[in-house]
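Peer 1: got a predicted structure here, sequence first:
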Amino acid sequence: MNIFNQLATQFLQTSLLEWFAVITGFVCIYLAAKQHILNWPISMFSILAYSVLFYEGKLYGEMLLQGYFLFTAIYGWYYWIKRKQEHKKPVVSFSVRNILYSLLAIGILSIGLGSFLYHFTDTDVAYIDGTLASVSFVAQFLMTRKVLQNWLLWIVVDVFYIPLFIYKGFFLTAILYAVLVLIAWEGYKDWKKTWRTNQ
């Protein structure tokens, strides 16, 4: 019963900004899984809210990631409209070589960003923050290009985000990311079905 009381207290202490970020974040990821183009403009609201939250929580890698997300939201919106107008296949699948390149990019970004955060910020989770942000950088880019495997990266990174957000006191966001794991899995299955249909 004590655990439930603690959870209730934590929910009551959740800021309106985090509620807003979580709700808009949930909506935009759900729409992305359904390949609905409105996911991009809605994501911008979540991005701006999380930029403030992550700055306050000293998650500077995640804050930097939000700036990147804002750029890719604009790019993704444009790219999805363009592909629809050109009647190109909506979803593509990476070759093994491209998957290896993506993993290499994640490794290089993780070391670089983690080192930067460790040496130049006051965060206490530099390499964890840097690594998770790096995976998210790559996953987001692959989503803008409608690459099927973006969802697999999101599943992995969302699982690892959950304990980080709990540690930082973002309990509502941790719950959102637990739900996002399920949405990402559904997104992967839906996109894979679309990809197979267009083969």
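Peer 2: Yes, it's here.
Peer 1: just after the lowest-mean-pLDDT helix or strand in the chain, pick out the following helix or strand.
Peer 2: Of all the helices and strands that make up the chain, helix 2-13 has the lowest average by mean pLDDT, DSSP states H and E, namely a mean of 72. Next along the chain after helix 2-13, taking DSSP states H and E as the criterion, comes helix 16-33.
Peer 1: so which elements touch that next one?
Peer 2: helix 39-56, helix 171-197 (3 or more Cβ pairs under 8 Å, 6 or more residues apart in numbering; DSSP states H and E). Every C-beta, even on glycine, is put in place using the N, C-alpha and C of the backbone.
Peer 1: can you say which of those helices is packed in most?
Peer 2: Greatest average neighbour count among these goes to helix 39-56 (a mean of 19), per mean count of other Cβ atoms under 10 Å.
Peer 1: output that helix as CSV, restricted to C-alpha atoms.
Peer 2: Output of helix 39-56 as CSV, limited to C-alpha atoms (Å, rounded to 0.1, in the frame of the first residue of the first chain):
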residue,chain,number,x,y,z
ASN,A,39,2.6,13.1,-36.2
TRP,A,40,5.2,15.6,-37.3
PRO,A,41,3.5,18.9,-36.3
ILE,A,42,2.1,17.4,-33.1
SER,A,43,5.6,16.2,-32.2
MET,A,44,6.8,19.8,-32.2
PHE,A,45,4.7,20.6,-29.1
SER,A,46,6.1,17.6,-27.2
ILE,A,47,9.6,18.5,-28.3
LEU,A,48,9.4,22.1,-26.9
ALA,A,49,8.0,20.9,-23.6
TYR,A,50,10.6,18.2,-23.2
SER,A,51,13.4,20.6,-24.0
VAL,A,52,12.5,22.6,-20.9
LEU,A,53,12.0,19.5,-18.7
PHE,A,54,15.3,17.9,-19.7
TYR,A,55,17.2,21.1,-19.1
GLU,A,56,15.8,21.2,-15.6
